[in-house]
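A.B. asks: Need a 3D model of the following:
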Amino acid sequence: MRETTQKIEFYNEFIEKVEKKAINGGSQQTAFLYEVLNYMEKSDDPQIFYIPYKKTSKKIHLNGYLHDEDHNSLDLYVVDYSDKEVENDIESINMSSLLEVANRAKRFFTNAKFLIEEVLDGSYKEVRDLAKTIIDTKNDLEEVNIFVLTNKFYLSNKPIELNIPGVQTTNVQVWDMDRLYQLSIAEQGIQDFYIDLEDKYHQSFEMMFVPNNSTVDSHYDFDCYIGFIPATLLAQLYEDWGPKLVERNVRSFLQARGGTNKGIRDTLKDPGQRQMFVAYNNGISSVARFGNIEKVDGVNLYRVKGLTGWQIVNGGQTTASIHQAYKNDIDLKDVYIQAKLTILKVEADQEKDQHVIEDEMVSKISEYANTQNKINKSDLLANTRFMSDIEKFSRNTWIPTQDGRREDQKWYFERARGQYMVDIGRRKKGSKEQNDFKKQYPKEKVLTKVELAKYFMSWEGYPHISSKGGEEAFKKFMNYNSQYWKYEKDQNDEITSIQEMDNDFYKALIARSIINHHITSIVEQMKLKGYRANVIYYTTAMFSHIYKEKIDLLEIWKKQSVSTKWESVIRTIASYTLNYLKESAEDRNVTQWAKQEACWTQFKEDSTKQLSNIV
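C.D. replies: Residues are numbered from 1 along each chain as shown. The predicted model follows:
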């Protein structure tokens with residue numbers, strides 16, 4: 001009952017944020033899609049239709065897409081949005097309803113030729129771009145991924161099966177409110193829970209110890225074991241502990257889909273193949289803070305009897321697929337999963353640096369161990385000192401008031417996805433404590449790490465990077481500011497100290513965000529047709545490129561706004577930017593063109609002089 005209440009509170013907070021964004025511009029579906037993308041953190045952002053495309057007579061509906069030329073894949077995004085208010089119970093959705101939503105996106109694909117002939121309105125150039133892309137690449141496409149985004153709860157989490165004629169692989173991914181809720185809970189940090197294998201599960205597993213005889217000094221200290229885990233035990237552990245086991249592997253909230261997952265599922269279904277699972281599968285990599293581990297006499301073998309803070313950092317899909325087979329009553333008696341267990345050892349006198357050292361180790365293990373499923377840099381680096389410092393400043397720095405009143409608000413930096421709503425949910429609903437928290441941290445002043453990165457990179461002259469999506473922007477943002485979090489060696493091979501981040505740096509970060517919000521508001525008021533995100537990034541970059549020396553970021557922080565004298569300048573640049581992107585793309589897809597550095601270079605060469613004479 002308590003969990004249901006928490007889900008309802010999470011839902012209402014999430015939808016309230018969506019509704020507020022929808023008022024400022026666009027539809028509810030578009031605002032919802034943008035919010036969910038913050039949780040998905042894909043390596044590349046989709047092209048979102050400002051106005052969702054619908055053709056009722058043909059049951060077609062699509063909200064956005066992404067064409068990946070390097071991998072011959074196409075992502076289609078379709079939103080199922082209900083504005084029903086949830087009070088006492090969550091609104092669920094079943095498999096057949098989700099299948100119909102997915103089919104609406106499929107029909108866009110299968111009716112591409114019709115759409116090119118039918119969609120003549122210039123405001124739907126994005127739709128024509130996609131339809132043309134489908135026709136031009138149909139024979140080369142190896143994979144179509146349909147992302148169904150719904151603000152209902154899909155509690156069964158069973159995979160949605162769908163095929164598209166002529167396409168080798170079709171995957172359906174469901175992003176529902178339950179998935180968002182579980183993900184937000186999981187990212188809030190590891191809890192030191194203890195799993196007693198012997199007492200609760202009447203089992204243990206044995207592993208070999210990997211010797212470490214290195215004499216080189218390192219602030220990393222660990223013990224490593226390798227071996228295997230019975231599939232039934234792993235499934236039972238996931239059944240009981242669920243997301244807690246995979247908090248470090250945020251990609252684990254996946255259904256049995258995609259090439260890797262389907263291979264796992266098919267192998268487990270086939271009795272003749274089942275025993276070969278250990279040979280076919282790459283297994284899991286895990287970490288723990290402590291272990292109840294005893295040596296088996298006479299051999300290099302150790303019995304794992306219990307673990308504290310156990311985390312599967314690579315192999316979340318394998319674990320979820322094993323669990324799904326277990327739930328479907330597939331016999332797992334002779335199935336084993338190869339496993340690596342790393343016990344992180346941080347001494348008591350290192351307590352101050354435990355957070356940094358532990359997360360750095362886990363990030364590297366996750367990144368280097370993962371071969372089946374890409375781990376995002378933003379996931380790995382969320383716990384770096386730099387991110388933690390930004391979070392700390394956001395919790396301690398009051399926003400200046402303009403009328404002499406007492407300061408009573410702060411910006412809220414969301415280091416982990418869903419962190420803001422989890423913070424609200426920790427306070428009793430309707431209580432003075434919760435209301436005070438919302439007043440101190442208004443929804444409109446919540447910033448995610450990838451949003452912050454996009455705003456920063458655009459202002460610093462990398463709109464093509466921001467156009468590639470939050471993941472790429474975040475990676476470049478972290479590299480750009482590596483002096484605040486990354487240890488490096490100098491010419492004498494000595495480890496250099498990390499530069500301390502100060503309050504002015506934080507204020508300048510927020511100022512860049514204020515500028516981006518201001519430009520976004522103007523672009524939305526102009527109701528420009530198409531390529532909204534690219535227009536915003538390029539307008540911000542050109543505005544900075546020409547007028548940066550005349551703009552004081554700390555003054556913008558102090559006033560929490562951009563001077564109205566710049567409004568006509570921004571409008572002119574935005575209008576010019578949209579025309580440039582469309583015309584310079586020629587026969588190319590505009591969105592793909594905007595992601596290339598050549599696009600930004602050409603824009604500066606062709607337009608700087610002309611746009612410099614506005615003021």
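A.B. asks: Domain map for the protein?
C.D. replies: Domain ranges of the chain: 2-182, 188-375, 382-615, per automatic domain parsing.
A.B. asks: Give me the contacts around stretch 432-452.
C.D. replies: The contact list for stretch 432-452, computed with Cβ atoms under 8 Å, 6 or more residues apart in numbering, reads 16-17, 20, 38, 41, 378, 382, 387, 390, 394, 399, 408-415, 417, 420, 423-424, 427-428, 470-471, 473-474, 477, 509-510, 513. (Glycine included, C-beta is placed from N, CA and C.)
A.B. asks: What's the ChimeraX syntax to select whichever of those are buried?
C.D. replies: Selection of buried members from the contacts of stretch 432-452 for ChimeraX, criterion 16 or more other Cβ atoms under 10 Å:
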select :17,38,41,378,382,387,390,394,399,410,411,412,413,414,415,417,420,423,424,427,470,471,473,474,477,509,510,513
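A.B. asks: For the stretch 251-400 of the chain, which segments count as helices?
C.D. replies: 258-269, 271-274, 277-280, 316-327, 351-369, 377-380, 385-396 (DSSP state H, counting those that start in this stretch).
A.B. asks: now the stretch 451-600 of the chain
C.D. replies: Using DSSP H, counting those that start in this stretch, the helices of the stretch 451-600 of the chain run over 463-468, 470-480, 503-526, 532-547, 553-559, 567-585, 590-594, 597-611.
A.B. asks: could you give the mean pLDDT of the first one?
C.D. replies: Yep, that's helix 463-468 we're talking about. For helix 463-468, the mean pLDDT works out to 94.
A.B. asks: other SSEs contacting that helix?
C.D. replies: helix 449-459, helix 470-480, helix 532-547, helix 590-594, helix 597-611 (3 or more Cβ pairs under 8 Å, 6 or more residues apart in numbering; DSSP states H and E).
A.B. asks: Give me the buried positions along the last one.
C.D. replies: This means helix 597-611. Residues of helix 597-611 classed as buried by neighbour count (16+ other Cβ under 10 Å): 599, 600, 603, 607, 611.
A.B. asks: need the contact list for the closest residue to the second one other than its chain neighbours.
C.D. replies: If I follow you right, that is residue 600. Of all residues not flanking residue 600 in the chain, residue 464 sits nearest, at 4.7 Å (Cβ to Cβ, 6 or more residues apart in numbering). Contact analysis of residue 464 by Cβ under 8 Å, 6+ apart lists 594, 595, 596, 597, 599, 600.
A.B. asks: swap the cut-off to 10 Å and go again
C.D. replies: With contact taken as Cβ atoms under 10 Å, 6 or more residues apart in numbering, residue 464 is in contact with 457-458, 472, 534, 537-538, 541, 593-601, 603.
A.B. asks: same thing with residue 614?
C.D. replies: 546, 547, 566, 568, 569, 570, 571, 572, 573, 576.
A.B. asks: try 6 Å
C.D. replies: Residue 614 makes contact with 569, 572 under the criterion Cβ atoms under 6 Å, 6 or more residues apart in numbering.
A.B. asks: does it sit in a helix, a strand or a coil?
C.D. replies: Here residue 614 takes the coil state, with states given by DSSP: H, G, I helix; E, B strand; the rest coil.
A.B. asks: That one and residue 116: what is the separation?
C.D. replies: Taking Cβ to Cβ, to the nearest Å as the measure, residue 614 falls 38 Å from residue 116.
A.B. asks: Ok, residue 176 next?
C.D. replies: For residue 176, the distance to residue 116 equals 33 Å [Cβ to Cβ].
A.B. asks: Can you pick out the residue with more neighbours from these two?
C.D. replies: For the pair residue 176 and residue 116, the greater number of neighbours falls to residue 176 (22 against 16), based on other Cβ atoms under 10 Å.
A.B. asks: My guess is that one contacts residue 154. True?
C.D. replies: Yes. Using Cβ atoms under 6 Å, residue 176 makes contact with residue 154 at a distance of 4.0 Å.
A.B. asks: Next up, the contacts around residue 22.
C.D. replies: Contact partners of residue 22, counting by Cβ under 6 Å, 6+ apart, are 28, 31.
A.B. asks: Just the pLDDT for it.
C.D. replies: Residue 22 is assigned 83 on the pLDDT scale.
A.B. asks: quick one: it is in a helix?
C.D. replies: Yes. Applying three-state DSSP, one finds residue 22 inside a helix.
A.B. asks: Output the helices of the stretch 451-600 of the chain in JSON lines, with distance to residue 301 appended to each entry.
C.D. replies: Formatted as JSON lines, those follow (distance: least, Cβ to Cβ, whole Å):
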{"stretch": "helix 463-468", "distance to residue 301": "48"}
{"stretch": "helix 470-480", "distance to residue 301": "41"}
{"stretch": "helix 503-526", "distance to residue 301": "52"}
{"stretch": "helix 532-547", "distance to residue 301": "55"}
{"stretch": "helix 553-559", "distance to residue 301": "60"}
{"stretch": "helix 567-585", "distance to residue 301": "63"}
{"stretch": "helix 590-594", "distance to residue 301": "54"}
{"stretch": "helix 597-611", "distance to residue 301": "55"}
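A.B. asks: mind checking which of those helices is nearest residue 34?
C.D. replies: Residue 34 sits nearest to helix 532-547 of all the helices of the stretch 451-600 of the chain, at 9.1 Å, using Cβ to Cβ.
A.B. asks: Restrict that closest one to CA atoms and write it as PDB.
C.D. replies: Output in PDB follows, covering the C-alpha atoms of helix 532-547 (Å, rounded to 0.1, in the frame of the first residue of the first chain):
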ATOM      1  CA  ARG A 532      13.100  23.400 -32.400                       C
ATOM      2  CA  ALA A 533      16.000  22.000 -30.400                       C
ATOM      3  CA  ASN A 534      18.600  22.600 -33.100                       C
ATOM      4  CA  VAL A 535      17.400  26.200 -33.600                       C
ATOM      5  CA  ILE A 536      17.700  26.800 -29.800                       C
ATOM      6  CA  TYR A 537      21.300  25.400 -29.600                       C
ATOM      7  CA  TYR A 538      22.500  27.300 -32.700                       C
ATOM      8  CA  THR A 539      20.800  30.500 -31.700                       C
ATOM      9  CA  THR A 540      22.400  30.300 -28.300                       C
ATOM     10  CA  ALA A 541      25.900  29.600 -29.800                       C
ATOM     11  CA  MET A 542      25.600  32.400 -32.300                       C
ATOM     12  CA  PHE A 543      24.400  34.800 -29.700                       C
ATOM     13  CA  SER A 544      27.400  33.900 -27.500                       C
ATOM     14  CA  HIS A 545      29.800  33.900 -30.500                       C
ATOM     15  CA  ILE A 546      28.900  37.500 -31.400                       C
ATOM     16  CA  TYR A 547      27.900  39.200 -28.100                       C
END
